[in-house]
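Chemist: please find the sequence and the predicted model below.
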Amino acid sequence: MAVPTSAKARSLLADAVSVWRISPATVGDVIDAAVECLVAGIDSPSLRELAGASPKESQFALEPLISDALVELNMQEVLTADVQRAALGAMLRKVHAGQLEMRELAGWAHRFVGHDGDTACQAFVDLDDMYDDAEYSGRDLVVLEQWAADAARAFLAGEPLPPYSWS
């Protein structure tokens, strides 16, 4: 296993915390990212403590530890970013890294963002419904998959999402 670069390790930690903020059950990923930071040579007292914590630890104990580690690493902006947009961005990066299928991302967005969530994230919530429609109607998923990949790239780049059409 290659040692992650400092920038990569910080990015992994930011993404893990972003997802944890919307889905606390993913705290194990935050702890793993803290370990990756240490391996990459990033160090702070709270980061070391976080890396050694158990994911079964109380959220009341882990939340201040995560916050303290981010402050010590000058990454506190992770805690002030829009929760849904930051978590969706982190999940889209997992899709691009091949760690998650777009269909799984759509289901996650439907569950954790929902139809009443951030309007900037709605295309990915709707994508879950679009996959369902495609499965029931027998439509070709190739067009949907291509649009989803283009939309993901646009979202991560901060650009407007492309329009979608079944034709």
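Modeler: Right, received. Where do you want to start?
Chemist: what comes up buried for stretch 131-140?
Modeler: With burial defined by 16 or more other Cβ atoms under 10 Å, the residues of stretch 131-140 counted as buried are 131, 134. Where you see a C-beta, it was placed from the backbone N, CA and C, and this is true even at glycine.
Chemist: and the most centrally placed residue in the chain, what element?
Modeler: The centroid of the chain falls nearest to A90 when counting by Cα atoms, centre = their mean (2.5 Å). A90 belongs to helix 83-96 when assigned by DSSP states H and E.
Chemist: next one: that helix to chain centre, how far?
Modeler: Centre-to-centre, helix 83-96 and its host chain are 3 Å apart (Cα atoms, centre = their mean, to the nearest Å).
Chemist: over to stretch 134-153?
Modeler: Remark: stretch 134-153 is offset 21 Å from the chain centroid, using Cα atoms, centre = their mean.
Chemist: what segments of this protein are helices?
Modeler: Here the chain has its helices, by DSSP state H, at 6-22, 27-39, 45-51, 59-72, 77-80, 83-96, 102-112, 122-137, 141-157.
Chemist: tell me how many other residues surround L73.
Modeler: Using other Cβ atoms under 10 Å, the number of residues around L73 comes to 19.
Chemist: gap between it and D29?
Modeler: 17 Å (Cβ to Cβ, to the nearest Å).
Chemist: what packs against the lowest-mean-pLDDT helix or strand in the chain?
Modeler: Using mean pLDDT, DSSP states H and E, the weakest-scoring helix or strand in the chain turns out to be helix 122-137, at a mean of 92. Where contact means 3 or more Cβ pairs under 8 Å, 6 or more residues apart in numbering; DSSP states H and E, helix 122-137 is packed against helix 102-112, helix 141-157.
Chemist: contacting residues for D68?
Modeler: The neighbours of D68, taking Cβ atoms under 8 Å, 6 or more residues apart in numbering as the test, are S46.
Chemist: which ones are touching the nearest residue to A151 once chain neighbours are set aside?
Modeler: Excluding the flanking residues, the one nearest A151 by Cβ to Cβ, 6 or more residues apart in numbering is L161, at 4.7 Å. By Cβ under 8 Å, 6+ apart, L161 lies in contact with 123, 151, 154-155.
Chemist: touching, the residue nearest to the centre of the chain and D15? I think so.
Modeler: Yes. Judged on Cβ atoms under 8 Å, A90 makes contact with D15 at a distance of 3.6 Å.
Chemist: dump the helices of the chain to a markdown table, plus distance to S165.
Modeler: Shown next, in a markdown table, are those (distance: least, Cβ to Cβ, whole Å):
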| stretch | distance to S165 |
| --- | --- |
| helix 6-22 | 30 |
| helix 27-39 | 36 |
| helix 45-51 | 46 |
| helix 59-72 | 42 |
| helix 77-80 | 36 |
| helix 83-96 | 22 |
| helix 102-112 | 18 |
| helix 122-137 | 11 |
| helix 141-157 | 8 |
